[in-house]
Structure formats: structure tokens, C-alpha cells
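J.: Provide a 3D model corresponding to the input given below.
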Amino acid sequence: MSVLSIKNISYQYEGTRKSILKNISADFESGKVYVLMGKSGAGKSTVLSLISGLDLPTGGEILFEGKSLRQLDRDEYRAKSIGVIFQGYNLLTNATALENIMLSMNISGSREKDKKKVALNLLQKVGIDKETAKRKVLKLSGGEQQRVGIARAISHNPQIVIADEPTDSVILVQYYPKEIPVILFSLSILISFITDRQSARLYSRVSVS
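T.: Numbering: from 1, shown residues only. Next up is the predicted model:
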């Protein structure tokens, strides 16, 4: 059964007649990796915002575990069910790597008793040791910030992970939780994805045009 489905979605900006998206459909199952492909301006980022619950389609439906996002508390959906790896990282730069992870867990309502231990273990899995975890994000390299962003995205055990233009973040393929679907948004990721991580299984490509 699909954990997420988009059914004939379309999208228009308010006050315009031009459709950014028109009749896009796809199903996303647990434990599989998907790549959303399309030329610049095709609407990939718009699909990202819709799947993330930041906005609703003007036509069609997005279903999460069989329920329309129109019927769900989208704030709760974003906090608990979706993990997003942002192209620009979007980390709290004046906080430490560890604090970024723990804050994400607190916002999601994580019931882990020892959040610090869980966060440190998660950071270690993506190559951030304890000493680095205690450094401010501003003091981290770009690669280290990418890894923190990945750890944050999966820190609250979301049902879906979305990676926005993760061309330089192929480490995601090595560390993503195998039991949840991962949706990659990029035209160029396919090359680095297949070249650098042959063991990862690319399940499907979803085209937007």
C-alpha cells in the first residue's frame, strides 16, 4: 500500500490562469527511492511544497496513508510525518549540530527519553563525532552541515523523507532509513546517485513537464 499518493494534482497561483502543474499522479511506497525529474521551471519545487503540506493543490488530491491532506492538521503532518533535506541546509547557525537535532525531535513531539543520546548516535551514523556535534553550525564545513541536515530530517522517524536538489548529498543514499520512502527532487541527481551508490535501489522516476 502507498504511504503517499498524488492524484491528478494541478496548481495555479492565485490570480493567474496558467497552471504550474497539471494532472500529475504518482504513488510512493515504503522502503523505496524515487526521483522527481523535470527541466527548470517545470514545477518540481511546487510539488515539493505540496507534498510537504506547505500548500494545497488547486485540483486533485494528495493522500497520506489514505487520507487527504485537506482533512489533516498540516502543521502536525509536517512536524511528525515528513523529513525534509533542504538544498540550503536551513540549520540554526548559532546553535550546535546537536542542538539542531534535539530541537527537531522536540518539535515533532518525540517520546525518546534520552534525546541527547539518540541525537548523538544519529549524528555519529552520518559521520559527525561527539566533538563536532558540540560545535556551532557556523563552524562546520559545508559537507558537515549537509550531514547534520540529513540527521535532522530523519531524527523524528518520519514516514517520508524529501531531499530538495541533493546533488552534493549522495551520502543520503548510504544512510537513509531503508524502511521509509525517499523522494529526491533533482534533474542531475540521477547521475551521482547511480555512480556513487550502486548498492542503492532506485525504484522509480516521476517526470514533471
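
J.: let me see the mean pLDDT of whichever strand or helix holds T132.
T.: Secondary structure from DSSP states H and E places T132 in helix 130-133. Mean per-residue pLDDT for helix 130-133: 96.

J.: and that helix, which residues are buried?
T.: Across helix 130-133, burial judged by 16 or more other CB atoms under 10 Å covers T132, A133. Yep, even glycine has a C-beta here, placed from its N, CA and C like the rest.

J.: packing partners of it?
T.: If contacts are counted by 3 or more CB pairs under 8 Å, 6 or more residues apart in numbering; DSSP states H and E, helix 130-133 sits against helix 97-107, helix 115-125.

J.: in the sheet, which residues pair with the most centrally placed residue in the chain? Tell me.
T.: Geometric centre of the chain, nearest residue: I162, 2.1 Å, by CA atoms, centre = their mean. Using DSSP bridges, the bridge partners assigned to I162 are V84, I183.

J.: that one and G83 touch, don't they?
T.: Yes: judged on CB atoms under 8 Å, I162 makes contact with G83 at a distance of 7.1 Å.

J.: hang on, the earlier thing: what angle sits between the following helix or strand past the helix holding T132 and helix 97-107?
T.: Per DSSP H and E, the first helix or strand lying C-terminal to helix 130-133 is helix 142-154. Helix 142-154 and helix 97-107 are oriented at 20 degrees to each other (axes from the mean of the first three to the mean of the last three CA atoms, to 10 degrees).

J.: quick one: mean pLDDT over helix 142-154.
T.: Per-residue scores along helix 142-154 average to 88.

J.: that helix vs helix 115-125, what angle?
T.: Using the same axes, to 10 degrees: helix 142-154 against helix 115-125 is 130 degrees.
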